[in-house]
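1. pasting a predicted model and its sequence here:
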Amino acid sequence: MQNTLLVGLSKQMVLERQLDVVSNNLANMNTNGFKADRSLFQEYLSSSAHEDNFASSDRRVSFVQDRATFHDFTAGPTEQTKSPLDVAIDGDGFLVVQTPGGERYTRDGNLQINNQGQLVTSSGYQVLGNSGPIVFQQTDHDVNIAADGNITVVEGTARTDSVRGKLRLASFAQAQRLLKEGGNLYAPGEGATAAIDTKSQIRQGFIEKSNVNSVTEMSRMVEITRTYTAIASLLQQQSDLHKSAIEKLADVPT
C-alpha cells in the first residue's frame, strides 16, 4: 500500500516540474527567436521494503523520474517585417552579443541602432561583428545586410557603398550544453565551445518567431493538470483505505 503512495508522489513531483517547463514555453510564445524546452523521463526501479528472510526477492517497484530538460532548436516560423535592421538566420547559427557578463548568443534578430550609432539587440546589448562592435555614422542610410552577414551602407550623398562590418555568427557542436539566461540569451555551458559559422545565412527584413506551438503546449498543460488531479484522487483513496485498515486492526474484539 505504501508503494502506491510513493509511486504516485513521484509522478506528481515530475508533473509539477513538467508544468513549469510548459508554462515557461507558453509565456514565451511571442518572444522572437525563443526555443522551447522539453522534458526527458526515465524509469527508476527500486526494491520495495521487505524482510531479508523472504525466499525470493520482491518485484522491484517502478518510479518515474524526470532526468533532464533539453532545448528544442527547431527553427521557428519567419515573419517579414521589411525593416532593414531585422534579420533572421537560416541555419543553426547564433548572433553574438556583448553583455556585462561576457559574450552571449541569441536568435533574436530584432536589431536597432542606439544613440552611439552601435548596432544593438532589443535589450540594448551590442551586436558583435568579426572585428568587434558594429558602428554606424549619422549620415549612413540604405543599410544592406547580405546573406553572408556583410553590412554595407550608403554614406551621405555619395552613391558608393561603405562597409560597416560583418555579422559574426557562432555555432556549437554541442548546442544542448548552452544555458538559457534572461533576455532571450544563451551562455556557453561547460563543453559548449563557439565556432565560427560559415554555413548559416542571413535574411534581411525578416524575424524568426518563437518555435512554441501554442495549441500543443496548451494541450500538454491540460493533460498535465488532469493527470495530477487523477493521481491526487488515487492517493486520497489509498490514504482512506490505509486509515480504514488501521482502524479495523486496532478494533479489539470483546
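-> Great, that's in hand. Note that this is a predicted model, so its numbers are computed, not measured.

2. just give me the neighbour total for Asp92.
-> Using other CB atoms under 10 Å, Asp92 has 16 neighbouring residues. (Each C-beta comes from the backbone N, C-alpha and C, glycine too.)

3. now do the contacts for it.
-> Taking CB atoms under 8 Å, 6 or more residues apart in numbering as the definition of contact, the neighbours of Asp92 are 73, 171, 175, 197, 199-200.

4. next one: Val153
-> Taking CB under 8 Å, 6+ apart as the criterion, Val153 is in contact with 136-137, 140-144, 161-162, 164.

5. for these, work out which two are farthest apart.
-> By the measure CB to CB, Gln137 and Asn144 form the most distant pair in the contacts of Val153, at 15.1 Å.

6. what bridges to the closest residue in space to Gln98 that isn't next to it in sequence?
-> Nearest residue to Gln98 in three dimensions, chain neighbours excluded: Gln126, at 4.3 Å (CB to CB, 6 or more residues apart in numbering). Following DSSP bridges, Gln126 is listed with bridge partners Gln98, Val120.

7. mind listing what's buried in stretch 81-96?
-> Neighbour counts using 16 or more other CB atoms under 10 Å place 81, 83-89, 92-96 of stretch 81-96 among the buried residues.

8. just stretch 212-223 next, same as before
-> Buried residues in stretch 212-223 (16+ other CB under 10 Å): 212, 217, 220-221.

9. still on that earlier bit, verify the stated contact: the residue nearest to Gln98 with Pro133.
-> Yes - counting by CB atoms under 8 Å, Gln126 does reach Pro133; the two are 4.6 Å apart.

10. which neighbours do these two have in common?
-> What both Gln126 and Pro133 touch, as defined by CB under 8 Å, 6+ apart, is the set 98, 118-119.

11. mind checking which of these are buried?
-> For the shared contacts of Gln126 and Pro133, burial is judged from neighbour counts taken by 16+ other CB under 10 Å, and it is met by 98, 118-119.

12. tabulate those (a markdown table), appending pLDDT and distance to Leu249.
-> As requested, those are exported to a markdown table (pLDDT from 0 to 100; distance: CB to CB, whole Å):
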| residue | pLDDT | distance to Leu249 |
| --- | --- | --- |
| Gln98 | 96 | 70 |
| Gln118 | 95 | 76 |
| Leu119 | 97 | 76 |
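
13. need these in CSV (columns: distance to Leu6).
-> Formatted as CSV, these follow (distance: CB to CB, whole Å):
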residue, distance to Leu6
Gln98, 50
Gln118, 57
Leu119, 55
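
14. from what I see, Leu85 and Ile113 are in contact.
-> Yes - contact status for Leu85 versus Ile113: in contact at 6.9 Å, counting by CB under 8 Å.

15. helix or strand with the lowest mean pLDDT in this structure?
-> For the chain, the helix or strand with the lowest mean confidence is strand 37-46, at a mean of 70 (criterion: mean pLDDT, DSSP states H and E).
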